[in-house]
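Participant: test case, fold it:
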Amino acid sequence: MRTLREVTTRSLIVAYKEDVSELEAQLTANDLRPTVLRGVYTPDELRLPANTRTFMNHRNAWRIAASNPGYTLICEADFVPCQSIGTLPVFWPLDRPLAWGYLYQGSPRLLSLVGSEPYLRGQCAPLVAYIVNAQVAEVMLRFFEHAMAAHSDGAYFTFDAHLQWWVMGEGAEAYIPPRHYGEHGGTPNTEHRMRGRLSRNGRHRADNLARPLAFLPQYAAGSRHAYWRERVEARAYGWARLLSGRWIVDTNAYTRDMTRTARMYLIGARRLLPNFARARIPSTPASPRAR
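Facilitator: Coordinates of the predicted model:
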């Protein structure tokens, strides 16, 4: 199978004032050719919720991706990639022009198995790290115009929770890897807690990892104990999601029989089984990031 570095022609780090030097260094080392895309806002835009300003910066990334040949990896400032992320395999069907993928998935759900690989067509929310081509970026730009028109009053809204379903209606297909290619390493946006719109106040981690992380996440604050606590808790949430039946989402786009359903649950269990090679603690501590 082809690797991420073979199909990714550039990567974009969506940031504001955060220190992204470690993330940028890792993407550079993996030949993913990163560019830091820092948001620049007018005085009126600075009065908008931080979540909306993040949405605007993703729009800036989509504009670049829409004119970029091949695939563009887009990630937020608090993404922590797995070691040697560029050598991890492509996990979406390259022959489908509107296929794209979540490198990291918050609370992932499985919609269907596609092809003989099989590819995992999934449903997620956070746009912490994902990969798109020009066609998908164009669809996402249309979603931006739609969402901003629907929320013209400037009120807080969780754009990433709605994006996938909207672009799915336009024919785009999101895929997930069997295990996360990195993790959300930051602390939750305080707006999520203040608004009370998201479960666990917007706190989410990877329930598994394809490989050890490249550096210690910000949320660990330099503590290996804190890192392990988050890892154990995230794995427990993954098992709870699987055992409660929330690992699979029913849609009118796919049908499944008992054999296919059993296979989907088997894949869900296999991805959560412990692998001590993947569980090692990152050796490089993260430097503090401005929030």
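Participant: other SSEs contacting the biggest helix by length in the chain?
Facilitator: Scanning the chain for the helix with the most residues, using DSSP state H, yields helix 224-243. Contacts defined by 3 or more C-beta pairs under 8 Å, 6 or more residues apart in numbering; DSSP states H and E place helix 224-243 against helix 258-270. Quick note: C-beta positions are derived from backbone N, CA and C, even for glycine.
Participant: CA-only coordinates of the lengthiest strand in the chain in CSV, if you can.
Facilitator: Ranked by number of residues, the top strand in the chain under DSSP state E is strand 8-15. What follows is strand 8-15 as a C-alpha-only set of coordinates in CSV (Å, rounded to 0.1, in the frame of the first residue of the first chain):
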residue,chain,number,x,y,z
THR,A,8,0.7,14.1,0.4
THR,A,9,2.1,17.0,-1.6
ARG,A,10,1.9,19.5,1.3
SER,A,11,0.6,19.9,4.9
LEU,A,12,-0.9,22.9,6.6
ILE,A,13,-0.8,23.6,10.3
VAL,A,14,-3.9,25.7,11.3
ALA,A,15,-2.8,27.9,14.2
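Participant: each with direction, which strands does it pair with?
Facilitator: Here strand 8-15 has these sheet partners by DSSP bridges: strand 34-38 (parallel), strand 71-76 (parallel).
Participant: need the ones you listed in TSV with distance to Ala206 and mean neighbour count, can you?
Facilitator: What follows is the strands paired with strand 8-15, written out as TSV (distance: least, C-beta to C-beta, whole Å; neighbours: other C-beta atoms under 10 Å):
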stretch	distance to Ala206	mean neighbour count
strand 34-38	21	16
strand 71-76	14	27
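Participant: mean pLDDT and distance to Arg235 added to those strands, as TSV?
Facilitator: Putting the strands paired with strand 8-15 into TSV (pLDDT from 0 to 100; distance: least, C-beta to C-beta, whole Å) gives the following:
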stretch	mean pLDDT	distance to Arg235
strand 34-38	97	29
strand 71-76	98	23
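Participant: which parts of the longest strand of the chain are buried?
Facilitator: Thr8, Arg10, Ser11, Leu12, Ile13, Val14, Ala15 (16 or more other C-beta atoms under 10 Å).
Participant: quick check: Ala61 touching Val14?
Facilitator: Yes - the pair Ala61 / Val14 is scored as a contact, 5.6 Å apart, by C-beta atoms under 8 Å.
Participant: what residues are up against Tyr104?
Facilitator: Contact analysis of Tyr104 by C-beta atoms under 8 Å, 6 or more residues apart in numbering lists Phe79, Pro126, Val128, Ala129, Tyr130, His180, Tyr181, Gly182, Glu183, His184, Ala206.
Participant: Ile131 belongs to a strand?
Facilitator: Yes - assigned with DSSP: H, G, I helix; E, B strand; the rest coil, Ile131 falls within a strand.
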